[in-house]
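Undergrad: Here is my input, please return the structure:
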Amino acid sequence: MEPSVAVVILNWNGKSFLERFLPSVTQSSYNNLQIIVADNASTDDSISFLASNYPNVKVIVNDENYGFAEGYNRALTKVNADYFVLLNSDVEVPENWIKPVIDLMQSDEKIAAAQPKIKWQQHKQSFEYAGAAGGFMDSYGFTFCRGRIFDRLEEDHGQYDSNLPIFWASGAAFFIKSKAWKEVGGLDGDLFAHMEEIDLCWRLKNKGYEVVCCTATEVYHVGGGTLNASSPFKNYLNFRNNLIIMQKNLPFGEAMYKIFVRLWLDLAAWFQFALKGQFAFAFSINKAHFQFFRQFFRTAEKRGKQQISLHQHQGVLKGSIVWRYFVKKIGKFSDISF
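TA: Numbers count the residues shown, from 1 in each chain. Reported below is the predicted structural model:
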């Protein structure tokens, strides 16, 4: 019998996305499947829409908006399956998108998490920002993807069709073995949203697990569905959470050194925003640093028993992706020398 799979869509005032994309999810061909919508206290009529149009879709209602991370944590305590699939509400899926990923994960006990290729729903030939063909990290905590470096997206011509280990899998379509989810305690609710899946993958890797991208299947992500890419609040979360996950997951000395470097790199970003007159974005960096130091000791208590030097993990670039992209003008993942 196939392993049981629960596809869980976290919704917050996303009726329009449910109308557009839930039909494709309900047509998924996997046999041992349950589809669940976890609602983060929506104030639109998402719940009544689901009751009227999708009575076979289970609905879990959180009592308030807990964000992406804690919203999933609370919902998944009520879900029983061998595999959890965390799926954004703004993702369109083909019929046979689940089985190739499950088959790959079943082939190796060390594989704890995975993603399919993430492509852009508005232009399906292109990779999408949120995960492309798998996530990577450089020496200073900057993230990038096969098929996406910073804001530059590549078209998919099969150039990355290999199921190699990656550093992080995208939260847009995140597959994880439920026993691994429970072993590491799920997502960090304090992160609220953005980089919470990277933190989860990092904790899994520190325990010896692997993360992969299954390129035999793909899904199509709108992107920015609940928090626009041009949002200063998103900018704040990214800068704050990046510092937090380095503090949590790196060996102490390495964490302190790399956080020190990142603070100076963030200062350079602050000046760039200020010179462009984007003062709300510049202020978001100040706010991110303030909150990082305010939560410093709380974060320290979350450090696991084992941290591994970043470069002992697969999916890590030695050096700076910032230098390669902005100075050396390398815009394609395939042109990067690891």
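Undergrad: Show me where the protein dips below the pLDDT cut-off.
TA: 224-229 (pLDDT under 70).
Undergrad: For it, which segments are assigned as helices?
TA: Secondary structure of the chain (DSSP state H): helices at 15-26, 46-53, 67-76, 99-106, 178-184, 196-206, 232-249, 252-275, 279-294, 296-300, 321-322.
Undergrad: tell me which residues of the second one are tucked away?
TA: With burial defined by 16 or more other C-beta atoms under 10 Å, the residues of helix 46-53 counted as buried are 46-47, 49-50. C-beta here means a position set from N, CA and C on the backbone, and glycine is covered the same way.
Undergrad: For Asn73, which residues are in contact?
TA: Residues in contact with Asn73, defined by C-beta atoms under 8 Å, 6 or more residues apart in numbering, are 66, 186-187, 189.
Undergrad: picking that back up, and of the buried residues of helix 46-53, the nearest to Asn242?
TA: Ser46 (31.2 Å; C-beta to C-beta).
Undergrad: Wait, the closest one touches Asn11, no?
TA: Yes - between Ser46 and Asn11 there is a contact at 5.5 Å, judged by C-beta atoms under 8 Å.
Undergrad: So for the two, which residues contact both of them?
TA: Common neighbours of Ser46 and Asn11 (C-beta under 8 Å, 6+ apart) are 18, 37, 39.
Undergrad: Can you flag the buried ones in those?
TA: 18, 37, 39.
Undergrad: Identify the residues contacting the second one.
TA: This points to Val37. Val37 touches 8-9, 11, 18, 22, 46, 50, 57-60, counting by C-beta under 8 Å, 6+ apart.
Undergrad: Give the burial count for His311, as a bare number.
TA: Neighbourhood size, His311 [other C-beta atoms under 10 Å]: 11.
Undergrad: what do you get for the one 3 residues further on?
TA: Neighbouring residues of Gln314 were enumerated by other C-beta under 10 Å; the total is 14.
Undergrad: That one reaches Met137, doesn't it?
TA: No - judged on C-beta under 8 Å, Gln314 makes no contact with Met137 at a distance of 10.6 Å.
Undergrad: got any residues that touch both of the two?
TA: Phe167.
Undergrad: partner strands of the longest strand anywhere in the chain, parallel or antiparallel?
TA: In the chain, with assignment by DSSP state E, the single longest strand is strand 210-221. Partner strands for strand 210-221, per DSSP bridges, with pairing direction: strand 91-92 (antiparallel), strand 111-120 (parallel), strand 165-166 (antiparallel).
Undergrad: phi, psi of Lys332?
TA: Backbone geometry at Lys332, expressed as degrees, to the nearest 10, gives phi -120, psi 140.
Undergrad: The nearest residue to it once chain neighbours are set aside: neighbouring residues, count only.
TA: Distances taken as C-beta to C-beta, 6 or more residues apart in numbering put Glu154 closest to Lys332, at 6.1 Å, once the chain neighbours are dropped. Using other C-beta under 10 Å, Glu154 has 21 neighbouring residues.
Undergrad: what sits against Glu154?
TA: 126-127, 132, 147-148, 332-333.
Undergrad: And Gly135, by the same measure?
TA: 143-145, 166-170, 198, 201, 315.
Undergrad: which residues does it form a beta bridge with?
TA: Those that pair with Gly135 in a beta bridge, by DSSP bridges, are Cys145, Trp168.
Undergrad: so how many other residues sit close to Val322?
TA: 16.
Undergrad: can you check the one 4 residues further on too?
TA: The burial metric for Phe326, expressed as a neighbour count using other C-beta under 10 Å, is 11.
Undergrad: Asp151 versus that one, what's the distance?
TA: According to C-beta to C-beta, to the nearest Å, Phe326 and Asp151 sit 12 Å apart.
Undergrad: and what of Arg203?
TA: From Arg203 to Asp151 the distance is 28 Å (C-beta to C-beta).
Undergrad: ok, these two, which is more surrounded?
TA: Just comparing Arg203 and Asp151: by other C-beta under 10 Å the higher neighbour count belongs to Arg203, 25 against 8.
Undergrad: Spit out the contact partners of the nearest residue to the more buried one once chain neighbours are set aside.
TA: Residue nearest to Arg203 in three dimensions, not counting chain neighbours: Val184, with 4.7 Å by C-beta to C-beta, 6+ apart. Residues in contact with Val184 (C-beta under 8 Å, 6+ apart) are 200, 203-204, 207.
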